[in-house]
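Asks: quick one: sequence and predicted model below, then my questions.
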Amino acid sequence: DEHLIGIDKPAGPVVHPAAGNLDGTLVNALLHHCRGQLSGIGGVARPGIVHRIDKDTSGLLVVAKTDAAHEGLAKQFADHSIERAYLALVGGRPKALEGTLSTPLGRSAHDRKKMAVLHEKDQRGKHAVTHYKVLEMLTHSAMVECRLETGRTHQVRVHMASIGHSLLGDPVYGRNPAPLRALLERIGFRRQALHAAVLGFIHPVTGQNVRFSSLLPADMEALLVDLR
């Protein structure tokens, strides 16, 4: 496509350059692949980047090659019309098989590197909405689908942790259930078990419906098999 690039990112690479991660980012690879032809709206550090996923989250991203595509996609993200579904392996077995989490998120007052659920009256909090549904109950855990209305930093990780079901392997927001620690250590699973599985939107130039889907990566699939 002359306007967009769809990417299925493995866990590990950072999306764009920032302090401490200047080389080896997804943007560096894209600039090489596209011979520099990415939207300039994101500036030098973030060309083409309309949204991002965490370094150790795997799954789908869309990158804009033209300014028209960037502006059109940014508008859809702003009005929350993008379809985004994540698959997560969470600790514990949720009592409610589905629900909506709508607590505001913002920087933690105790650790600037972390996000936190904030009080409704806290001016720093940003509106955040996550709809979750349990897809499968597992050993001391569950497979959950999370659909996002908003796209706040670490949104799924913080929202699920806030109801006592943090993502397995999450080094920041959760502790693995004691009965599963030996298993996770044995297979070397040390990232948040989160995969951006579905991404759908209206093509900003052609007006067509576009929908990407991505299968679970090998590390999460192996963990899922063990948890069954």
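Replies: Right, received. Where do you want to start? Residues are numbered from 1 along each chain as shown.
Asks: show me the strands in the chain, by range?
Replies: Along the chain, the stretches classed as strands by DSSP state E are 4-9, 58-64, 83-91, 98-101, 105-107, 115-117, 130-138, 141-148, 194-202, 209-213.
Asks: hmm, His80 and His51 touching each other?
Replies: No: His51 is not in contact with His80 according to C-beta atoms under 8 Å; the separation is 12.0 Å. From N, CA and C alone the C-beta is placed, and that goes for glycine too.
Asks: so between those two, which is more surrounded?
Replies: Counting neighbours by other C-beta atoms under 10 Å for His51 and for His80 shows that His51 has the greater number, 16 against 13.
Asks: quick one: contacts for the more buried one?
Replies: 61-62, 73, 77, 151 (C-beta atoms under 8 Å, 6 or more residues apart in numbering).
Asks: can I get these in TSV with neighbour count and pLDDT?
Replies: As requested, the contacts of His51 are arranged in TSV below (neighbours: other C-beta atoms under 10 Å; pLDDT from 0 to 100):
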residue	neighbour count	pLDDT
Leu61	20	88
Val62	23	87
Leu73	24	91
Phe77	16	90
Gly151	16	86
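Asks: now, among those, which is nearest to Ala116?
Replies: Gly151 (17.0 Å; C-beta to C-beta).
Asks: spatially, what comes nearest to that closest one if we skip its sequence neighbours?
Replies: Residue nearest to Gly151 in three dimensions, not counting chain neighbours: His51, with 5.9 Å by C-beta to C-beta, 6 or more residues apart in numbering.
Asks: also Ala197?
Replies: Nearest residue to Ala197, sequence neighbours excluded (C-beta to C-beta, 6+ apart): Leu87, at 4.8 Å.
Asks: what's the least confident stretch among the strands of the chain?
Replies: Note on those: strand 4-9 shows the lowest mean pLDDT, a mean of 84.
Asks: in it, which residues are buried?
Replies: Within strand 4-9, the residues that count as buried by 16 or more other C-beta atoms under 10 Å are 4-5, 7-9.
Asks: ok, so of those, who is nearest Asp56?
Replies: Closest to Asp56, out of all of these and judged by C-beta to C-beta, is Lys9, at 10.3 Å.
Asks: having no further points to raise, I will conclude here.
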